[in-house]
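Asker: Below is the sequence, then the predicted model.
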Amino acid sequence: MQIPSTIEYIVENGDSRIIVFKIKQDVEKLIEFRKISFEIVWWNYSGWKISNKAIKEENDLSYVYRNKAGYTEKVLVKVLRQNDTYSIVTNYKKEELQELGFTNKEIEDMPEIKIYDEILISK
């Protein structure tokens, strides 16, 4: 079961922290149990997890290089979320590419990243 919540406040005490979460829905399901264990998901995005070393910047756009049947090509990706070691990326939608100034012909010819693509770390 996944229950959305927000952080109400954080109290720091030396090396430890107390984090108080505010839950607005499904509270009655939680109080039925005497003991609950849970995982905290800090951010939730759907996409591909790629090493930051594989992402290249060019003209304020992010690209990765993929190897497909021995042929290397540059693929435009949209970075949804990033931390120190990896990023969650996805493909741009056609409307987003048009807003970025790409023509319909360029969009049609543009490769997209897919689930089993081999992404190169350095190019």
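Answerer: Nice, thanks for sending it over. Quick caveat, the model's predicted, so the values are computed rather than measured.
Asker: count of neighbours near S5?
Answerer: Neighbour count for S5, taken as other C-beta atoms under 10 Å: 13. Every residue, glycine included, has its C-beta placed from N, CA and C.
Asker: Please name the bridge partners of it.
Answerer: Beta bridges link S5 to I23 when assigned by DSSP bridges.
Asker: For the nearest residue to W43 once chain neighbours are set aside, name its beta-bridge partners.
Answerer: Spatial nearest neighbour of W43, excluding adjacent residues (C-beta to C-beta, 6 or more residues apart in numbering): R81 at 5.5 Å. Beta bridges link R81 to I88, judged by DSSP bridges.
Asker: list the contacts for R81?
Answerer: W43, Y45, S87, I88 (C-beta atoms under 8 Å, 6 or more residues apart in numbering).
Asker: any idea which of these is closest to K56?
Answerer: Ranked by distance to K56 (C-beta to C-beta), the contacts of R81 are led by S87 at 11.8 Å.
Asker: For the chain, identify the residue most remote from the centre.
Answerer: R34 (34.5 Å; C-alpha atoms, centre = their mean).
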